Every structure is written in structure tokens, then in C-alpha cells.
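Student: From the sequence below, what's the structure:
(2 chains)
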Amino acid sequence: MSIVYDWLIAPFAEFGFMQRALGGAILLSISACPVGVFLMLRRMSLSGDAMAHAILPGAAVGFLFYGLELIPMTLGGLAAGVVVALGAGSVSRLTIQKEDASMAAFYLISLALGVLIVSLRGSNVDLMHVLFGTVLALNDEALTLIGTITVVTLVALAIFWRALVAECLDPLFLRSVSRLGPPVHFIFLGLVVLNLVGGFQALGTLLAVGLMMLPAAAARFWTTRVEPMCLLAVAIGIFSCLGGLLLSYHASLASGPSIILLAGVVYILSTLIGPRGILATRIRPSLHRTA
Amino acid sequence: MSDCVTFRNLTLGYHRHPAVHHLDGAIRKGSLTAVVGANGSGKSTLMKGIVGVLKPLSGSCAVKAGTSLAYLPQQSELDRSFPARVVDLVSLGLWPRRGLLGRHRAEDRKAVANALSAVGLEGFEKRPLDSLSGGQLQRSLFARVLVQDADLILLDEPFNAIDARTVMDLIALIGRWHGEGRTVVVVVHDLDLVREHFPEALLLAREPVAWGDARATLSPENLLRARRFHEAWDENSPWCGPGPAPGSGAEAHTSSTFGDRTAA
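Tutor: Next up, the predicted model:
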């Protein structure tokens, strides 16, 4: 019993920073994983990655003027993310160019700008800090921010759920019965930006995408309905955060990558053994039914 | 009988080239009309114009105020890999009734079940969309139109890749809608089907060639006239009407290469 306690409970019971890290990561899983499911279903999985890069110049401007401060970097990141989302979304809606190309163009511009701004001040160590995050150094301010983002995301998903599903499943149908199609698309992109900004506090810009996409991608192999898929993604996210933090605590590994790698392990296992995974679809059954 | 959709000198098209050119007339409330014509003659474009997803280059296309509309496009943007079941797809048809936030009630679920049985898909409720055949998917989409319970129903080539028995089932369904006083417009390629089951027809060849009683519209002379139109755009075709100088940016469009305009 005491082994279980030592391994699973003690790290969180004894250290405040571990508690806060776990709390922040769980909140982020509840919020970002359903968003990731929709990103994946809209074939925009890589857009999450692109958006994470797009946030950089905004955060960098905040960093340039205020140093490593939460509020300016968050607001800057939000602003940059929204600009890129609106720009890429508008180009894909108003021209023949698809979202992947417009997103790539905008995020590359944004990323170059961000790196340039960061290089104006500080060393590469600071850049690494911005890119790879500080889950073990979450303060109350950051936790409040992540909590707020979680609430905003869940409320928005609850309100727009039906429109979001319709927009993914059959956008032309939605356009024929409602004018909500374009606004819902932008609200959704807004949620992506919001969650990446939240994740970038906890895990850094690069790994924030991992917590958004890996649980979603793993959940795809287990169910054929979108509601359970979102719940499962959240569960995988929380499991990865819990396990990753413990792993990093006991083995003295970097915490952010530990969380994401654990989610990666769940993903690989899911591709193999999920009911819609490789083994289930490749193995020839010994019997088949008559109808 | 009043008009359900009114076209006034309607020109629809892409990049200033007309796909439907100078269409005048009206679709009466409660009528059942087949839209007929060759590839590229503007049938689908006309449907998009009525739905409103394509804005006119000139003229107007007015759907009577308060008319609810159901549209089954030729090229559905439906994502079949989306994790949803047949019942989820058909339930989308409840949108006009329940909107974004309204709860789906017992009567709604009953309407969905009835629609599924009307298209012969009982027992398919929980099937994932990616496990359906093309014909089963098309019938699901018909079920969604049923659930929409609309006054004006637009079906764009609904019988493509559908077996003969299913076509007859769907024709019966269209007949039922007609009998209920709904206005139905269907893009069809099979002329015999039109002559047999549709009271009225509109023959398009970018220009309206003929419009009225189906058998009269599909006369050999009209069909021959319709066949003479050129499908391709002509980049150098003159501006239509008292158009502006090229490049002036005004709302002009090029004329079609179809010769004599003889709308019935």
C-alpha cells in the first residue's frame, strides 16, 4: 500500500508545484482534447501545429516589452493567433485556395516574425523557455488563466455543438438551413487559438499541440461517434498528464515531453489494438455472418 | 395558384461567364418541375441560385417569403468519414424546427424513424456513415429531406448511381410530396422518367429553351435546339447588353454563344 502511495500519491501530496502542474494539465486536457477531436475530423490536425507557431510573434512582443510575464505574453499570443486564424480562414473561404495552404503561408510569416522579435532581446535560453514551457512552474495566475479558458471552451462547445457537428459533417447542408456556418468556423478557430495559448503556458507552444492532437488521434481508433470520441480523448489526455508528471518526477525527466510521449504511446497502441486500428481491420476473421 | 420562386431576368454564372442566362418566369406553388439539359447547361447552377449559395450576376431570383427550403445537392460536401450514424445525419433535418439549441423531443425522434422507414432504411439507425453503400447514403439524404418538412424541395440529380427499384421508390416519395402540396424541383437526366412522372419541365441550355408541360417541352424540336449550345466559355465573347467598356469593373457579363433566344 505504501508503495502505491509513494509512487502515485506522494509526489502530488507533498509538493505544491506538482499539484498545480497536475491541476493545470487536467484542466487543459478537458478543454483542448475535444477541440483537438474537431480539428482532426476537419482534417486540420496540422493546423494546430501551424497555429501554435503563429502565436509566437504575439507572445514574443509581450516578452520583448515585459519579459517572461504571463498576461502580456498571453494577450500577445491571442492577438497573433486570431489575426492568423482570420487571415487564413478568410483566404480559404473567399478564394480557391484551401485552408492548408493559406494556413501554411500565414503561420510561416508569423513564425519568422516571432523568431526575429525574440532574437532582438535575450538569448536562446529564453526562446527555449517560450517554446518548451514550464509545466512545473505554473503559478496561481497561470492556473486561473487555464481555468478560465477551460470554462469558455466548454460553454462555447456546448452552445455551438450542433452547428459544429453539422459544419464538419455536411457544410453545404448547414449553409442551406442556417447562416451559422462561417461564424461557427471562426469561433472554432478562436477556440483553437485560446487553447493553444493556454497550453503554451503549461507546456510551451510546441507541446501544447501534442496534448490537443495526440489524445484526439488516439481516440479515433476506438469509437464511431463523435461524443464518446471527445470524452475518450479527454480521458487519454488526463491519463497522459498524470502518468507523464509521475514519470518525470520519478525518473527526473523533462515534464512536458514526458506527458506528450505518454500520449504518443497511447496513440501507437490505439493504432495497433483499437477496434478500428490496424490489427482489427487487417486480420481476416475465421467466420463471417450470412447477412 | 401563387408563385413560389420568381426569376426576373436572372443570370447566374462564374467569373462573369453566364451559366444560366436571362431566365424569366416562375415556379408555381405546389408544382412538380423537372429541370432538364445537357452537362454544363446550368441546371445545378440554377438550383444553387434558388438556394442562395450563389449570388446572381444580374437580375433576381426571389423565393416567396416564409418558404422553408430543403436542398439535396448533386455534389454533396458530406464527409462520409465523419464519426456519425445514419440517425445523426437524418436528425440534421430537424434543424429548421429545433435550430441550434432546441432539444430533440420524442416526436422529433419519431419523425426521424418514420423518415427512415419511408426510404426503406429501418434498422440502419445505428450504422456508421462510412459503412453505407452509395444508394443507401442517397436514401438517408432523402430521409433528411423528409424530416426537414419543407415547402420547397430542390433535388439535384438525386437518381445518380441508384438502382431501378430504388429510383421508383424515390419517385413515389416525390409524388407524395407533390400530393401534399409542396413545391418540388428535380434535376433529371432520364427523359423518359420526366415524361412519365413530371407534369412540368424546364429545358435549359444556358438559356431557357422551353418551359411548361413536360411532354411539350421535351419535343424533338426543342431537344434539338438545346443540343446546339456550346458548353465551353468563350473568353472573347462580347459583353451582354449595353455593357461597359471591358475592364471598367461594372456588373457586366459576357453573352453566351447560344444563338437565338427563345424562352417559352
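Student: Which residues of the stretch 51-200 of chain B lie near chain A?
Tutor: B:51, B:53, B:69-71, B:73, B:76-79, B:82-85, B:88-89, B:92, B:95-96, B:99-101, B:128, B:144, B:148 (Cβ under 8 Å from any Cβ of the partner chain). Quick note: C-beta positions are derived from backbone N, CA and C, even for glycine.
Student: burial measure for residue 111, as a count.
Tutor: Looking at chain A here, since you left the chain open. Neighbouring residues of A:Leu111 were enumerated by other Cβ atoms under 10 Å in any protein chain shown; the total is 19.
Student: ah, I was thinking of chain B
Tutor: Burial of B:Ala111, expressed as a neighbour count using other Cβ under 10 Å, amounts to 22.
Student: any idea how far it is from B:Gly40?
Tutor: B:Ala111 sits 38 Å away from B:Gly40 when distances are taken as Cβ to Cβ, to the nearest Å.
Student: And the strands in chain B?
Tutor: Listed in chain order, the strands found in chain B under DSSP state E are B:3-14, B:17-28, B:32-36, B:58-63, B:69-72, B:152-156, B:183-187, B:200-205, B:207-213.
Student: Now the first one: buried residues?
Tutor: Counting neighbours by 16 or more other Cβ atoms under 10 Å in any protein chain shown, one finds that the buried residues in strand B:3-14 are B:3-7, B:10-13.
Student: Report the angle between that strand and strand B:32-36.
Tutor: Comparing the axes of strand B:3-14 and strand B:32-36 via axes from the mean of the first three to the mean of the last three Cα atoms, to 10 degrees yields an angle of 20 degrees.
Student: and strand B:3-14, what other elements does it pack with?
Tutor: Other helices and strands packing on strand B:3-14, by 3 or more Cβ pairs under 8 Å, 6 or more residues apart in numbering or on different chains; DSSP states H and E, are strand B:17-28, helix B:43-51, strand B:58-63, strand B:183-187.
Student: winner for burial among these?
Tutor: Mean neighbours per residue, mean count of other Cβ atoms under 10 Å in any protein chain shown, is largest over the helices and strands packed on strand B:3-14 for strand B:183-187, with a mean of 25.
Student: Given it, what are its sheet partners and their directions?
Tutor: With DSSP bridges as the test, strand B:183-187 is paired with strand B:32-36 (parallel), strand B:152-156 (parallel).
Student: what's the most buried one of the ones you listed?
Tutor: strand B:32-36 (a mean of 26).
Student: Take the helices and strands packed on strand B:3-14 and lay them out in a markdown table including mean pLDDT.
Tutor: As requested, these are arranged in a markdown table below (pLDDT from 0 to 100):
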| stretch | mean pLDDT |
| --- | --- |
| strand B:17-28 | 86 |
| helix B:43-51 | 90 |
| strand B:58-63 | 88 |
| strand B:183-187 | 93 |
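Student: Rebuild the ones you listed as TSV, extending it with distance to A:Leu279.
Tutor: Rendered in TSV, the data for the helices and strands packed on strand B:3-14 read as follows (distance: least, Cβ to Cβ, whole Å):
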stretch	distance to A:Leu279
strand B:17-28	50
helix B:43-51	43
strand B:58-63	53
strand B:183-187	45
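Student: So which of these is nearest B:Glu200?
Tutor: B:Glu200 sits nearest to strand B:17-28 of all those, at 8.5 Å, using Cβ to Cβ.
Student: Quickly check: the closest one near chain A or not.
Tutor: No: counting by Cβ under 8 Å from any Cβ, chain A has no neighbours in strand B:17-28; the shortest distance is 15.7 Å.
Student: May I see the ChimeraX selection of the buried members of the residues of the stretch 51-200 of chain B next to chain A?
Tutor: Command for ChimeraX, covering only those of these found buried under the criterion 16+ other Cβ under 10 Å:
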select /B:51,69,70,71,73,76,78,79,82,83,84,85,88,89,92,95,96,128,144,148
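Student: Restricted to helices, list the residues of the stretch 51-200 of chain B next to chain A.
Tutor: Among these, the members falling in helices (DSSP state H) are B:51, B:88-89, B:95-96, B:144, B:148.
Student: Among these, which pair sits farthest apart?
Tutor: Across these (Cβ to Cβ), the longest gap, 22.7 Å, separates B:Val51 and B:Asp88.
Student: pLDDT below threshold where in the chain?
Tutor: You didn't say which chain, so I picked chain A. Low-confidence segments of chain A, defined by pLDDT under 70: A:1, A:122-137, A:201-203, A:205-206.
Student: you looked at the wrong chain, it should be chain B
Tutor: Confidence mapping of chain B against pLDDT under 70 gives the ranges B:1, B:230-232, B:241-252, B:254-264.
Student: what about B:Gly30, distance to A:Val177?
Tutor: Distance check for B:Gly30 against A:Val177: by Cβ to Cβ, it reads 22 Å.
Student: what does the stretch 51-200 of chain A have sitting close to chain B?
Tutor: That would be A:159-160, A:162-163, A:165-166, A:168-178, A:180, which are the residues of the stretch 51-200 of chain A within reach of chain B (Cβ under 8 Å from any Cβ).
Student: Please indicate which of those residues are buried?
Tutor: Of all these considered here, the ones buried according to neighbour count by 16+ other Cβ under 10 Å are A:160, A:162-163, A:165-166, A:168-178, A:180.
Student: Return the member of the buried residues of strand B:3-14 nearest to chain A.
Tutor: Distance to chain A across the buried residues of strand B:3-14 (Cβ to the nearest Cβ) is lowest for B:Val5, with 14.6 Å.
Student: The closest one: what's it in contact with?
Tutor: Remark: with contacts taken as Cβ atoms under 8 Å, 6 or more residues apart in numbering or on different chains, B:Val5 is in contact with B:26-27, B:50, B:61-64, B:152, B:183, B:185.
Student: Tell me, how many residues neighbour the residue nearest to B:Gly93 when sequence neighbours are not counted?
Tutor: Setting aside the residues directly before and after it, B:Gly93 is nearest to B:Val147 in space (Cβ to Cβ, 6 or more residues apart in numbering or on different chains), at 3.2 Å. When counting by other Cβ under 10 Å, one arrives at 25 neighbours for B:Val147.
Student: repeat for B:Pro220
Tutor: Neighbours around B:Pro220, by other Cβ under 10 Å: 7.
Student: Check the gap between it and B:Ala34 for me.
Tutor: Distance check for B:Pro220 against B:Ala34: by Cβ to Cβ, it reads 17 Å.
Student: Of all the helix elements in chain A, which one is longest?
Tutor: Counting residues, the longest helix in chain A under DSSP H turns out to be helix A:140-169.
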